[in-house]
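>>> take this sequence and fold it.
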Amino acid sequence: MSAAFGSSSAGILPLAAEHAEQVLAIYQAGIDEGNATFETSAPTWEAFDAARLPWHRFAALDEDGAVLGWVAASRVSDRCAYAGVVEHSVYVHPAARGRGIASALLKALIDSTESAGIWTIQSGIFPENTASLALHQRHGFRVIGTRERIGRHRGVWRDVVLVERRSSTVV
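Modelled structure (predicted):
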């Protein structure tokens, strides 16, 4: 990872196919750490791309164009009653953590979803991922509850803390 995030030529941009290799590598790094997702391997770019809403995904880039992190949202349901509800993920390269990147990405997601009339952003977070829980709380997410033993991960039952952020501008 080169230079500091936030320089004049770095920033948050729409996540595009040109970022695919780096995005999937960051995703795999989070998977390998064991407290980010139930997934065991990053998907192909085609599967990743198809599962995420194109207007609600962003990459944080340094001034050299390296991807430092990403955020993306997916539909919760195809039912019209849930048209304003999305689920999201946010991942930052291990060497780029602690620099405000996840916060900037989450802000970009919140801004884009509110502009689109989305009223709820939600996510499921392993309780051991205290940094992610704190990040989400700082951005107005609240804990809805804990889904106990919701799934097996690497042979162990895991809980997931369900968090949501309700828009104060989309009514």
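>>> ranges for the strands of the protein?
Secondary structure of the chain, counting by DSSP state E: strands at 11-14, 57-61, 67-75, 85-92, 120-125, 142-153, 156-166.
>>> gap between the shortest one and the chain center?
The chain centre lies 14 Å from the centre of strand 11-14; the measure is CA atoms, centre = their mean, to the nearest Å.
>>> now do it: which elements does it pack against?
Applying 3 or more CB pairs under 8 Å, 6 or more residues apart in numbering; DSSP states H and E, we find strand 11-14 packed against strand 57-61, helix 101-115. Glycine gets a C-beta too; all of them are placed from N, C-alpha and C.
>>> what comes up buried for it?
11-12 (16 or more other CB atoms under 10 Å).
>>> same question for the last one.
Buried positions in strand 156-166, judged by neighbour count with 16+ other CB under 10 Å: 158, 160-165.
>>> can you give me every residue that contacts Ser167?
Going by CB atoms under 8 Å, 6 or more residues apart in numbering, Ser167 touches 113-114, 118-120.
>>> in this structure, where is pLDDT below threshold?
1-10 (pLDDT under 70).
>>> show me the contacts for Ser77.
Counting by CB under 8 Å, 6+ apart, the residues that Ser77 touches are Val85.
>>> one more: Ala108?
12, 58, 71.
>>> and the residue nearest to the first one when sequence neighbours are not counted, how far is that from Ser115?
The one in question is Ile12. Distances taken as CB to CB, 6 or more residues apart in numbering place Ala108 nearest to Ile12, at 4.7 Å, with adjacent residues excluded. Distance check for Ala108 against Ser115: by CB to CB, to the nearest Å, it reads 11 Å.
>>> ditto for Trp45
In terms of CB to CB, Trp45 sits 26 Å off from Ser115.
>>> from Thr169, how far out is Ala134?
Distance from Ala134 to Thr169, by CB to CB: 24 Å.
>>> do Arg79 as well
Counting by CB to CB, the gap from Arg79 to Thr169 is 23 Å.
>>> likewise Arg158?
Applying CB to CB to Arg158 and Thr169 gives a distance of 34 Å.
>>> same check, this time on Gln28
Counting by CB to CB, the gap from Gln28 to Thr169 is 35 Å.
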